[in-house]
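**Student:** how would this look folded up:
(chains A, B and C)
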Amino acid sequence: MPELPEVETIRRTLAEQVIGKNIVKVEVTCDRIIQRISPAEFAAKLAGQTIRKMERFGKYLFFVLDEFTLISHLRMEGKYYVLPALAPAGKYEHVKFSFSDGSSLRYEDMRKFGTMELVLPGTERTTKGLCAMGLEPFDEGFTVAYLKEKIQKSHSPIKSLLLDQKNVVGLGNIYVNEVLFQSRIHPETTGSALKETDYAHLIEYCRSVLKDAIEFGGTTIRSYYSGLGVSGNFQDRLLVHRKKGEPCPRCKTAIEKIAVGGRGTYFCPKCQKKEA
DNA sequence: AAGGGTGTTGAAAG
DNA sequence: GCTTTCAACACCCT
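**Tutor:** Residues are numbered from 1 along each chain as shown, chains lettered A, B, ... in the order given. Predicted coordinates for the structure are as follows:
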């Protein structure tokens, strides 16, 4: 469940459930999720650590501990649950953190794309993968000038440029579709073809769409209704994503679906005209 | 009923 | 360099 609003919702939920808890044991049953070090070393380093803070950057979740920060990326299907330590493991559970109070944090990931990495506190943003990242949409530096500098020379479609975390972090396929609809920009418009007003709209709607989605607890699509995970309600407010054939909420023209950069892309052919 | 698509991203190829 | 394609994995839908 991993675009910025979902990760932020998970961060807030986990903050209430696991801050202050002391890790007594970590069990890893899918090695590839743990980056750089062995699962055994990962488990050994975490034993005895207490979770002090929950933070987020883009789609990355940070568990700030005493001597390490655990950086977790959920990719496509990663999910966290808090359960009694004695509760049975789910079919797709790959990591279990047992706490001293008898509760536990479980990581489930059907597709095993997610990653976990331990770094020293304060070095989170300097690690590989996070060092070249763009700004958060809510950063005051995320301005027309900033975005222009990043993408105005590019011949890639704006859809791909907004998905590229080196330009701006946090947007994924759902919210890029929504932001481009609100901004009235055709997803295949190249960076080089964007007009001044397009940039202003992009800045405005990146912020408002994500802010609204966070308010609604993110978007839940294709999720288990276990009641233990985190689910949001923004799926009821999506305007174009997964709405192929449905009337545009603005002009009633049928929403179209095309592929851009290999990703499903939804837009209104009337409201979002291609600009040369 | 096999094949394409899926809330992602990094590595490889062009 | 910059841009596009594909693989990692498991399931769903057609």
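
**Student:** Name the nearest residue to A:Gln235, ignoring sequence neighbours.
**Tutor:** Once flanking residues are discounted, A:Gln235 sits nearest to A:Thr219: 4.8 Å by Cβ to Cβ, 6 or more residues apart in numbering. C-beta coordinates here come from the backbone N, C-alpha and C atoms, glycine included.

**Student:** isn't that neighbour right up against A:Leu4?
**Tutor:** No - using Cβ atoms under 8 Å, A:Thr219 makes no contact with A:Leu4, being 10.9 Å away.

**Student:** So which elements touch the helix or strand containing A:Arg106?
**Tutor:** Assigned by DSSP states H and E, A:Arg106 belongs to strand A:103-108. Contacts defined by 3 or more Cβ pairs under 8 Å, 6 or more residues apart in numbering; DSSP states H and E place strand A:103-108 against helix A:4-18, strand A:79-84, strand A:93-99.

**Student:** closest to DNA strand B out of the ones you listed?
**Tutor:** Closest to DNA strand B of the helices and strands packed on strand A:103-108 is helix A:4-18 (Cβ to the nearest atom of the strand; 3.0 Å).

**Student:** For the closest one, which outside residues touch it?
**Tutor:** Applying Cβ atoms under 8 Å, 6 or more residues apart in numbering, the set of residues contacting helix A:4-18 from outside is A:1, A:51, A:53-56, A:58-61, A:63, A:74, A:80, A:82, A:99, A:105, A:136-137, A:169-172, A:175, A:210, A:213-214, A:216-219, A:230, A:232, A:234.

**Student:** now, which of the residues you listed lie close to DNA strand B?
**Tutor:** Restricting the contacts of helix A:4-18 to those adjacent to DNA strand B (criterion: Cβ under 7 Å from any atom of the strand) gives A:Met1, A:Gly58, A:Lys59, A:Gly172, A:Gly218, A:Thr219.

**Student:** distance between stretch A:105-117 and the chain's centre?
**Tutor:** Distance of stretch A:105-117 from the chain centroid (Cα atoms, centre = their mean, to the nearest Å) equals 14 Å.

**Student:** Not counting its own residues, what contacts that stretch?
**Tutor:** With contact meaning Cβ under 8 Å, 6+ apart, stretch A:105-117 is reached by A:14, A:17-18, A:21, A:30, A:32-36, A:42, A:70-83, A:89-90, A:92-97, A:99, A:127.

**Student:** Please verify my assumption that A:Ala193 contacts A:His186.
**Tutor:** No - between A:Ala193 and A:His186 there is no contact under Cβ under 8 Å: 9.4 Å.

**Student:** okay, these two: which has more neighbours?
**Tutor:** More crowded of A:Ala193 and A:His186, by other Cβ atoms under 10 Å: A:His186, with 21 against 18.

**Student:** which residues touch that one?
**Tutor:** By Cβ under 8 Å, 6+ apart, the residues touching A:His186 are A:Leu180, A:Phe267, A:Gln272, A:Lys273, A:Lys274, A:Glu275.

**Student:** Please tell me how far it sits from DNA strand C.
**Tutor:** Separation of A:His186 from DNA strand C (Cβ to the nearest atom of the strand, to the nearest Å): 14 Å.

**Student:** which SS class is that residue?
**Tutor:** Secondary structure, DSSP: H, G, I helix; E, B strand; the rest coil: A:His186 is coil.

**Student:** pLDDT wise, what is it at?
**Tutor:** Listed pLDDT for A:His186 reads 97.

**Student:** Would you mind measuring from it to DNA strand B?
**Tutor:** Remark: distance between A:His186 and DNA strand B (Cβ to the nearest atom of the strand) = 18 Å.

**Student:** where does the stretch 1-150 of chain A dip in pLDDT?
**Tutor:** Low-confidence segments of the stretch 1-150 of chain A, defined by pLDDT under 70: A:1.

**Student:** Point out the residues in it that sit beside DNA strand C.
**Tutor:** Counting by Cβ under 7 Å from any atom of the strand, the stretch 1-150 of chain A sits next to DNA strand C at A:Arg32, A:Arg75, A:Lys91, A:Met110, A:Arg111, A:Lys112, A:Phe113.

**Student:** which of the contacts of stretch A:105-117 count as buried?
**Tutor:** A:14, A:18, A:21, A:33-35, A:42, A:70-74, A:77-83, A:90, A:92-97, A:99, A:127 (16 or more other Cβ atoms under 10 Å).
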